[in-house]
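Enquirer: Sequence and predicted structure, then a few things I'm wondering about:
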Amino acid sequence: MQKPVFYQPPNMNNVNSSEQQYLAQMNYFRNKRRYERNELIKTGIIIGTTLIMSLFVQILVVLGLQMSPYYSVYTESSLFQNAFNIIAVDICSLLIPFFIMSRILKKRYQGDLIPKKSLGKVTAFAWVSLGMGGCVGANFIAAFVISLFKQFGYKLTQPEYNDPSSIIECIVVVFSTAVAPAIFEEFAMRCCTLGALRKYGKGFAVVAVSIVFGLIHQNVIQFVFAFCVGMILGYITVVTDSIVPAILIHGFNNFISVLNDIIKYFAKTDLSEYVSSSLYIMWIILAIWGAIYLIVKKQIIPKRQSKLREPYALSFGAKLLCLLPGFLLPFLIMIYFTTKTIVPIT
């Protein structure tokens, strides 16, 4: 009876040194690629879990409010509504979960948690102007998406809030809409999340964080606008290595949306269309100046470092696919909430 033949590895003593070196190098590259892939998958799952926890905390806090005796006060008071939003959304749902995430992923950070490179005043203003011009463009893209929904017979509904009825309420509305989201959302996105992904490539990190920025808004239409704005804010943060321009752009952009309520209170009339149009024109002009200034100063496009791509490095698309397992459930949740916020046009 013939004995079975088993696979025998090649005798490395019979392989010349150059072939041994080549095989060892290929094995090293495979292991490094596998390590980067697994690390990205874990990072995506942690970020996706943070998104889910952010939404869960927000729902939990809202349910607690609805069961409390103060819910009637909330529905009638603009001051209470906006103060509650700062606590429930900005602090409890964004600041705390994403800060915890940053501590879990702290080994992936290559620099400080908060990028704070000092910029000159003129340079900073040029970046803010350029970013605001990009936000104006993002508004047109979002308006186009809304028009597409309307063509199919649907419109987007928004939560209704009471108009401010005092100077104090106007101040709180501005803080709740423009100041607090600009600080806390930028900390969560352009500090915590961008910092965790930056080591895998700046361009990849900007795109990935823009997806996360869109997902926290939990609506397909708002996702489009937030993704476009996120690309702008992420790029500026990466190029300047400072979070300050992104916070200012975010704040100015949000302030335009709340300006209508402020005008109604002080002027007792609705002039928002004229004021908003004037501001958009102003920012477009300033954006053109900012672009020219930054081009002349050779700052708008970062200098490319002569760094060779590692042979084991994953492609851009492969990196995004590694994040998919962690982002899948947040995407499904966003689609579900979108179906609850769009209604047929009657």
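Expert: Okay, I see it. Numbering: from 1, shown residues only.
Enquirer: can we go C-alpha only for contacts and neighbour counts from here?
Expert: Noted.
Enquirer: Could I get the full set of helices for the stretch 101-250 of the chain?
Expert: With helices called from DSSP state H, counting those that start in this stretch, the stretch 101-250 of the chain shows them at 121-151, 167-174, 180-186, 194-197, 202-215, 220-240, 244-267.
Enquirer: Any stretches of the stretch 151-300 of the chain with poor pLDDT?
Expert: Within the stretch 151-300 of the chain, the stretches with pLDDT under 70 are 268-270, 272.
Enquirer: Ala188 reaches Ile91, doesn't it?
Expert: No: between Ala188 and Ile91 there is no contact under Cα atoms under 8 Å: 10.4 Å.
Enquirer: how about the residue nearest the centre of the chain, what does it touch?
Expert: Nearest to the mean C-alpha position of the chain, counting by Cα atoms, centre = their mean, stands Phe213 at 2.5 Å. Shown in contact with Phe213 (Cα atoms under 8 Å, 6 or more residues apart in numbering): 189, 223, 226-227, 230.
Enquirer: returning to what we had before: the helices of the stretch 101-250 of the chain: which one's closest to Trp283?
Expert: Proximity to Trp283 (Cα to Cα) singles out helix 121-151 among the helices of the stretch 101-250 of the chain, at 5.6 Å.
Enquirer: Ala188 and Ile91: who's more crowded?
Expert: Ala188 (24 against 16; other Cα atoms under 10 Å).
Enquirer: How about the more buried one: what's its closest non-neighbour residue?
Expert: Leaving aside its sequence neighbours, Ala188 sits nearest to Phe98 (Cα to Cα, 6 or more residues apart in numbering; 5.5 Å).
Enquirer: What separation is there between the closest residue to Val145 other than its chain neighbours and Asn254?
Expert: Spatial nearest neighbour of Val145, excluding adjacent residues (Cα to Cα, 6+ apart): Ile221 at 6.7 Å. Distance, Ile221 to Asn254, using Cα to Cα, to the nearest Å: 16 Å.
Enquirer: how deep is Ser102 tucked in, by neighbour count?
Expert: The number of residues packed near Ser102 is 23, by other Cα under 10 Å.
Enquirer: That one: what's it in contact with?
Expert: For Ser102, the contact set (Cα under 8 Å, 6+ apart) comprises 192-193, 196.
Enquirer: mind redoing it with 10 Å?
Expert: Counting by Cα atoms under 10 Å, 6 or more residues apart in numbering, Ser102 touches 46-47, 96, 108-109, 113, 188, 191-196.
Enquirer: cool, Met132 as well?
Expert: By Cα under 10 Å, 6+ apart, the neighbours of Met132 are 126, 138, 229, 232-233, 246, 248-250, 252-253, 280, 282-284, 286-287.
Enquirer: Format the contacts of Ser102 as a markdown table; extra columns: distance to Phe175.
Expert: Formatted as a markdown table, the contacts of Ser102 follow (distance: Cα to Cα, whole Å):
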| residue | distance to Phe175 |
| --- | --- |
| Ile46 | 30 |
| Ile47 | 27 |
| Ile96 | 19 |
| Arg108 | 33 |
| Tyr109 | 30 |
| Leu113 | 24 |
| Ala188 | 18 |
| Cys191 | 21 |
| Cys192 | 22 |
| Thr193 | 24 |
| Leu194 | 25 |
| Gly195 | 26 |
| Ala196 | 28 |
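Enquirer: and of those residues, the nearest to Tyr336?
Expert: Nearest to Tyr336, judged by Cα to Cα, of those is Ile47 at 19.6 Å.
Enquirer: per-residue confidence at that closest one?
Expert: As predicted, Ile47 sits at a pLDDT of 97.
Enquirer: Quick check: it vs Gly214, distance?
Expert: Going from Ile47 to Gly214 by Cα to Cα gives 13 Å.
Enquirer: More neighbours: those two, which one.
Expert: Ile47 (26 against 23).
Enquirer: That one: which element?
Expert: For Ile47, the element it lies in under DSSP states H and E is helix 17-66.
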